[in-house]
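In: Generate coordinates for the sequence data below:
(chains A and B)
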Amino acid sequence: MADNTEIVRDVGKWEWSEMWKKEDWWAIWLGFFILIAGMVIYFPHAGELKSKLQAVEAQYSREANRTDAFKTVAWYQLSDAKSKVKATSTPAGKWLKTFSAKTKGWAANPVEAFYLSQEKADARKAKAMEKYDAAKAVSDQALAAALAAEKIAEAEGFQSAALNAKAKQAIQDWRNAHLKTGKAKSKMDAAKPYNRVGWLIFLGICFAVFFGVGMKIMGNSFKEFMIAFGFIFAISVLTHLAASQATMKHYGIGYAAWAIFFGMLISNTVGTPKWVMPAVQTEFYIKTGLVLLGAKILFEKIITIGTAGIFVAWVVTPIVWLVTYWVGQKIIKIPSKRLNATICSDMSVCGVSAAIATASACKAKKEELTLAVGLSLVFTSIMMILMPAVIHGFFPADKVEILGGAWMGGTIDATGAVAAAGAFLGEKALNVAATIKMIQNVLIGVMAFCVAVYFTTKVEAEETGNKVGVMEIWYRFPKFVLGFMAASVIFSMIYSSFNSQISGLGSTMIDQGAIKGMSDLFRGWFFTLSFVSIGLATNFRELKEHFSGGKPLILYVFGQSFNLCLTLTMAYIVFYLIFPKLTATI
Amino acid sequence: MEPEKIHSRKKGWLIIGLTFFCLWGFATVVGPWGEKHIPVFNQIVEVIKTRNIDSGAYFYTEIEASYSAERELQGGIKLQTPDDFGFTPSFILGIVISLTILIVGFKTLPSD
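Out: Numbering: from 1, shown residues only, chains lettered A, B, ... in the order given. Have a look, this model is predicted:
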C-alpha cells in the first residue's frame, strides 16, 4: 500500500496524462485487457454451448419437473449434465489452464510440486482407479435404490408424505455416494505426468513483459524491472510451493500468508537486495488483481438463497462493519483510521479479498494490510476448527446444518475454511455456508466503493483541513475502484443476459468461462506478487508500531464476537421464523 | 564488506535456514500429529481430503462447492417455492435496508 509520500493529496487539476502515467489507470487497462481477452476467447463459443444446454434440457427436463414435492433423480441428472457444459472445456481454455497453473499438490517430496514421472503417475492412477471402482459400485447401487423409492412414491402420485420422505432420503444417499465417485474420478483423471518448470519460466517472462510495458510507459526502466521481477516471481513460486503442501492446506494456510511471510523473512534477515526494488510494485499488482476481482462480483448471485440469504449476508455485514469501526475510533482508539477500516472489512466481509480491496480504496499502508490479513488468517484457522465443534455439540439436531451453515458462512473469513467447516457438518451445511459466503463476497465492491467515498470526502478532508468539492473528490478518488466497479457491473449484465437466453448459460460462459478460464487464473498470481512485495518492503519494527497495545487484536476480537452474535440471531430469525417455507426447500 | 555486515549477513542466512527447518518439521511431523490428535480437526481434515477442498481459498470462485451449492439451492427454491425466487418485495426490502444502513452509517461515521 502507499506510503504517506505516495498518497495523492492536493492535486488541484485533472491531467489527461494521468491515464498513462498513473498505476491506478494502468491497473484498469491491464485488468480490462485480460477480461476482454477472456471474452474474445470464450464468447464465440456461446452458440455451440447454448445448443448443448438445450440438448441437455430436452433430454431431462420433462422427467426432472414431474413433481415439486422433492428433487427427483432426473432433476439431479439435469443439474449434473448442465454443470458439465463449460466454456473452459474448449482447447483454448485447457491451454490457458496449463499455462497459468500454479505448483501441484505434494506431501513429503517438493519435487512433485513441479514434476511427476510417467511411472509415478501410473502408480497414482492405479491406486485412484481402485478407489473409483469401489465408489462407483456403491453409487450405482444407491442410484438403483433411489430410482426404486422414487417409483414407489410416484405410484401414489407423489401424494404420500411418508413415501416422498423415503424417496428423498434414498436420493440424498445416492447424491452422497455420487459425490464421492465424482471426487474419486477427478483424482483418477488428474493422475497424469507433468513438468511445470518450463511453463513457470514462460509464465514469469510473460508477466514480466505484461507489467514491464506499463512500468516503461510510466517512466521506469524496462530492463531493471525485468531483472528484478525474476526475483519476485521466484518468491511467488516458493509461496505456492508452500501453500500446496498437504499439511499446510489442511490447516488452511493459503498463499497470502506465505507470500508475506517469505517476503518479510528475506527483508528482515539478509535484507531485500536493492536491485529487486524496481519490481516491488505492491499497488500496481494489487490494483490489477482487484480489477479482475471485480469481474467475479456478479450481482445476480445474491438471489441464490432468496431473502434469507440477503438478510444474513447483506444486512448483518454493514451493521457489524460500521459498529466495529465506530468502536475502533471512539472506544479502543485505534490511531489509524485506515487500519481500523481494513480490519473491519476483513473481519466482517470476507477476509483477505475484502482487506485488499478496502486497504487499496482507503490508501492504507502496507503494514496495515499485513496486520489485518495476519489477524484474519489466524482467526480463520481457529474458527474453522472451533465453530463446527460448537455447532455439533450445542445446536439442536434439526438446526445443525442450516443454522450452523449460515452462521459459519456469515462469520468465518475465508471461503475455503467456510467450505471445509461446512462440509464437516454435512451437505446442506456446506451448501448454505458456501452460498452465504458467496453473497457476502458480492458485497466487497459496494463496501470498497463506500470506503473510498468516505475516506476521500471526510477523512482526507479532515486530515488536510480543506473542504472537498465535487472536482476535488474526482481528483482524489482512487481510480482503480472505478475499474473494479465497472468490471463488476459489465460482467453482471453479461451474466444476466446469457441467463435470459437459457438457464445456466451465464454460469457456462462467465463462471466457467471468462472468470475461471481467464481472470481467476491470473488474479491469484497478481495478489501473490503484491503480497511478496509487501513482505519485501516491510520490517518487523514498523509492524510492531502498528500493533501497539494490542489494539488491532482487541478490535478484531470485539468485531468478530459481535458478528457471531448478530449473524446467529439473524440466521435464526430469517431461516426459522420468517421464511420457514424457503428453509424447507434446502 | 565490513566485518559487522558479514556477520549480520551470516546471521540472516542462519535464521532463514532455521526457519525452513522449522517449517519442514511442522509440515512433516507436528502438523500431521495435530491433524490426528486434535478432536474434530481430524474429521475436518478427512473431509478436506475426501472432497478435495482447498481450505486456503480466499474467494468463492476458487471453491467448486460454491457452484454446486448455487445450483442446488437455487434449483430447490425454483422447483418448490417459485414465488420466493428472484427479486420479490421482501428481497428488495433486504437490499434497500442494507444500502440504507451503509449510506446513513457512512454519513454519520466520525471523521475525527
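In: what residue ranges in the stretch 401-550 of chain A score low on pLDDT?
Out: By pLDDT under 70, the low-scoring segments of the stretch 401-550 of chain A are A:466-468.
In: Around chain B, which positions in it sit nearby?
Out: A:414-417, A:419-424, A:430-432, A:434-435, A:437-438, A:441, A:446-447, A:450, A:453-454, A:458-459, A:461-462, A:507, A:511-512, A:515-516, A:520, A:524 (CB under 8 Å from any CB of the partner chain). All C-beta atoms are positioned from the backbone trio N, CA, C, and that covers glycine.
In: The stretch 101-250 of chain A too?
Out: A:108, A:179-180, A:183, A:186-187, A:242-243, A:245-250.
In: Just the buried residues of those residues.
Out: A:179-180, A:183, A:187, A:242-243, A:245-250 (16 or more other CB atoms under 10 Å in any protein chain shown).
In: Assign the nearest residue to A:Ile391 once chain neighbours are set aside to helix, strand or coil.
Out: Leaving aside its sequence neighbours, A:Ile391 sits nearest to A:Gly404 (CB to CB, 6 or more residues apart in numbering or on different chains; 3.8 Å). Three-state assignment for A:Gly404 (DSSP: H, G, I helix; E, B strand; the rest coil): helix.
In: on that earlier part again, redo the buried ones among the residues of the stretch 101-250 of chain A next to chain B as JSON lines? Include pLDDT, secondary structure and distance to A:Pro388.
Out: Shown next, in JSON lines, are these (pLDDT from 0 to 100; DSSP: H, G, I helix; E, B strand; the rest coil; distance: CB to CB, whole Å):
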{"residue": "A:Leu179", "pLDDT": "87", "secondary structure": "helix", "distance to A:Pro388": "19"}
{"residue": "A:Lys180", "pLDDT": "87", "secondary structure": "helix", "distance to A:Pro388": "20"}
{"residue": "A:Lys183", "pLDDT": "86", "secondary structure": "helix", "distance to A:Pro388": "20"}
{"residue": "A:Lys187", "pLDDT": "86", "secondary structure": "helix", "distance to A:Pro388": "24"}
{"residue": "A:Ala242", "pLDDT": "96", "secondary structure": "helix", "distance to A:Pro388": "26"}
{"residue": "A:Ala243", "pLDDT": "94", "secondary structure": "helix", "distance to A:Pro388": "23"}
{"residue": "A:Gln245", "pLDDT": "95", "secondary structure": "strand", "distance to A:Pro388": "23"}
{"residue": "A:Ala246", "pLDDT": "93", "secondary structure": "helix", "distance to A:Pro388": "20"}
{"residue": "A:Thr247", "pLDDT": "93", "secondary structure": "helix", "distance to A:Pro388": "19"}
{"residue": "A:Met248", "pLDDT": "92", "secondary structure": "helix", "distance to A:Pro388": "20"}
{"residue": "A:Lys249", "pLDDT": "90", "secondary structure": "helix", "distance to A:Pro388": "18"}
{"residue": "A:His250", "pLDDT": "90", "secondary structure": "helix", "distance to A:Pro388": "14"}
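In: ok so, going back, got the contact list for the residue nearest to A:Ile391?
Out: By CB atoms under 8 Å, 6 or more residues apart in numbering or on different chains, the contact set of A:Gly404 is A:387-388, A:391-392, A:395, A:425, A:429, A:433.
In: likewise A:Leu555?
Out: A:324, A:327-328, A:332, A:334, A:340, A:343-344.
In: at 10 Å what do you get?
Out: A:324-325, A:327-329, A:331-332, A:334, A:339-340, A:343-344, A:347, A:372, A:375 (CB atoms under 10 Å, 6 or more residues apart in numbering or on different chains).
In: Can you sort out which of those also neighbour chain B?
Out: Counting by CB under 10 Å from any CB of the partner chain, A:325, A:329 from those sit close to chain B.
In: Narrow the contacts of A:Leu555 to those in helices?
Out: Counting by DSSP state H, the contacts of A:Leu555 place A:324-325, A:327-329, A:339-340, A:343-344, A:372, A:375 in helices.
In: rewinding a little: of the contacts of A:Gly404, which belong to helices?
Out: Using DSSP H, those in helices are A:387-388, A:391-392, A:425, A:429, A:433.
In: before we move on, the earlier item: derive a PyMOL selection command for the buried subset of the residues of the stretch 401-550 of chain A next to chain B.
Out: Burial among these is assessed by 16+ other CB under 10 Å; the matching PyMOL selection reads:
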select buried, chain A and resi 414+415+416+417+419+420+421+422+423+424+430+431+432+434+435+437+438+441+446+447+450+453+454+458+459+461+507+511+512+515+516+520+524
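In: Give me the domain ranges for chain B.
Out: Domain assignment for chain B, taken from automatic domain parsing, gives B:1-52, B:60-112.
In: mind saving the C-alpha coords of the longest helix belonging to chain B as PDB?
Out: In chain B, assigned by DSSP H, the helix with the most residues is helix B:3-25. Provided in PDB are the C-alpha atoms of helix B:3-25 (Å, rounded to 0.1, in the frame of the first residue of the first chain):
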ATOM      1  CA  PRO B   3      33.100  -7.500   9.200                       C
ATOM      2  CA  GLU B   4      29.900  -6.400  11.000                       C
ATOM      3  CA  LYS B   5      27.900  -6.600   7.800                       C
ATOM      4  CA  ILE B   6      29.400 -10.000   7.000                       C
ATOM      5  CA  HIS B   7      28.400 -11.200  10.500                       C
ATOM      6  CA  SER B   8      24.900  -9.900  10.200                       C
ATOM      7  CA  ARG B   9      24.500 -11.400   6.700                       C
ATOM      8  CA  LYS B  10      25.700 -14.800   8.100                       C
ATOM      9  CA  LYS B  11      23.200 -14.400  11.000                       C
ATOM     10  CA  GLY B  12      20.500 -13.700   8.500                       C
ATOM     11  CA  TRP B  13      21.100 -16.800   6.400                       C
ATOM     12  CA  LEU B  14      21.200 -18.800   9.600                       C
ATOM     13  CA  ILE B  15      17.800 -17.500  10.600                       C
ATOM     14  CA  ILE B  16      16.400 -18.400   7.100                       C
ATOM     15  CA  GLY B  17      17.900 -21.900   7.400                       C
ATOM     16  CA  LEU B  18      16.400 -22.400  10.800                       C
ATOM     17  CA  THR B  19      13.000 -21.100   9.700                       C
ATOM     18  CA  PHE B  20      12.900 -23.500   6.800                       C
ATOM     19  CA  PHE B  21      13.900 -26.400   9.100                       C
ATOM     20  CA  CYS B  22      11.100 -25.500  11.500                       C
ATOM     21  CA  LEU B  23       8.600 -25.300   8.600                       C
ATOM     22  CA  TRP B  24       9.700 -28.700   7.400                       C
ATOM     23  CA  GLY B  25       9.200 -30.000  10.900                       C
END
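In: could you give me the average pLDDT of that helix?
Out: For helix B:3-25, mean pLDDT is 88.
In: What of stretch A:289-307?
Out: Averaged across stretch A:289-307, pLDDT comes to 86.
In: chain center to it, what's the gap?
Out: The chain centroid and the centroid of stretch A:289-307 are separated by 10 Å under CA atoms, centre = their mean, to the nearest Å.
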